[in-house]
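>>> just need the structure, nothing else, for what follows:
(2 chains)
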Amino acid sequence: MNPWPFVIAAYSVTILATAGLVLWSYASMRRSEAAAAAFKRP
Amino acid sequence: MHALANPARFLRIARPLTSWLLLVGLVLAAAGMAAGLLLTPPDYLQGETVRILYIHVPAAWLGMAGWLCIAGASISQLVWRHPLAAVAGRAVAPAGATFALVCLVTGSIWGRPTWGTWWEWDGRLTSMLVLFFLYLGYIALGSAERERGGEGRITALYGLAGAVNLPIIHYSVLWWRTLHQGQSISLTGSTIDKSLLWPLPVTMFGFTALFCAAVLMRMRAELADAKVEARMRRLGS
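All right, here's what the predicted structure looks like:
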């Protein structure tokens, strides 16, 4: 059995999940902080 | 920890720390994964599939460490009523759930060429799956309680109760000697050869830094949302 498709699949899952988590958290933070800043402005 | 009870003081520290953690995490995770894929030799028994170790172990560690943080935040909320504890618990849960899921999926992918099966109802695998479902329950309960305007005490109690699963996961390979291998890395040493082991701490630190950055970003988002909600309430009254 060729092991490389399994290795590549495992690394792809990890990279996609981690990138998804970081990007989702970043987008939430930017959106919420922008809303809070806009509310503060007169 | 009580020094960070003031959200403004917490944000003063969290803002620069988020960027640093992101940068360090990206560099270390990428370097560790590249080293694990390209620089280490194949294992004499498992061959090339041993490279999954460098992502599977950090994911397992962060899945468990996430719930340890939730348990700590729960104690902090129930005992000291720390104002940021509930926020921290809710911010940790999605990150912990993500890494628990990554641990389950990469373990399953590793299991197929090594054990000849994608899944087995083994003690370690089952207790890890339970941890993932506990995270989903915590996320649902936390958001429901927050929408109702609760203090998050029920969620904190759930977080404490769920911590019972952590020693079960840790000792499962000793209590039920089934398919999953025994502990090969401990505080006193490792049974893995150094030529294979060295990229593991690099990916461990890298993914941990990314985990912490994601948690800080979610905490900052929650605090900003709370600020908007408070102002809306003030305007409405």
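
>>> so which strand or helix has the closest residue to residue B:153 other than its chain neighbours?
In space, and not counting its chain neighbours, residue B:153 is closest to residue B:78: 6.8 Å by Cβ to Cβ, 6 or more residues apart in numbering or on different chains. Where C-beta positions appear, they are placed from N, C-alpha and C, glycine not excepted. Assignment of secondary structure by DSSP states H and E places residue B:78 within helix B:53-80.

>>> could you measure from the residue nearest to residue B:153 over to residue B:6?
20 Å (Cβ to Cβ, to the nearest Å).

>>> what about the helix or strand harbouring residue B:218, near chain A?
Following DSSP H and E, one finds residue B:218 within helix B:199-236. Yes. Judged by Cβ under 8 Å from any Cβ of the partner chain, helix B:199-236 and chain A are in contact via B:207, B:210, B:213-215, B:217-218, B:220-222, B:224-225, B:227-228, B:231.

>>> list the buried residues in that helix.
B:199-200, B:202-225, B:227-228 (16 or more other Cβ atoms under 10 Å in any protein chain shown).

>>> whichever helix or strand comes after the helix holding residue B:78 - contacts with which helices or strands?
Next helix or strand after helix B:53-80 toward the C-terminus (DSSP H and E): helix B:85-115. If you count contacts as 3 or more Cβ pairs under 8 Å, 6 or more residues apart in numbering or on different chains; DSSP states H and E, helix B:85-115 packs onto helix A:4-40, helix B:53-80, helix B:123-147, helix B:153-162, helix B:199-236.

>>> Serialize those helices to TSV and add fields for mean pLDDT and distance to residue B:99.
What follows is the helices and strands packed on helix B:85-115, written out as TSV (pLDDT from 0 to 100; distance: least, Cβ to Cβ, whole Å):
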stretch	mean pLDDT	distance to residue B:99
helix A:4-40	95	8
helix B:53-80	96	4
helix B:123-147	95	10
helix B:153-162	95	16
helix B:199-236	93	7
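
>>> closest to residue B:107 out of those helices?
With Cβ to Cβ as the criterion, residue B:107 lies closest to helix B:53-80 of the helices and strands packed on helix B:85-115, at 5.9 Å.

>>> tell me the one of the residues of helix B:199-236 next to chain A nearest residue A:35?
Nearest to residue A:35 among the residues of helix B:199-236 next to chain A, counting by Cβ to Cβ, is residue B:228 at 5.4 Å.
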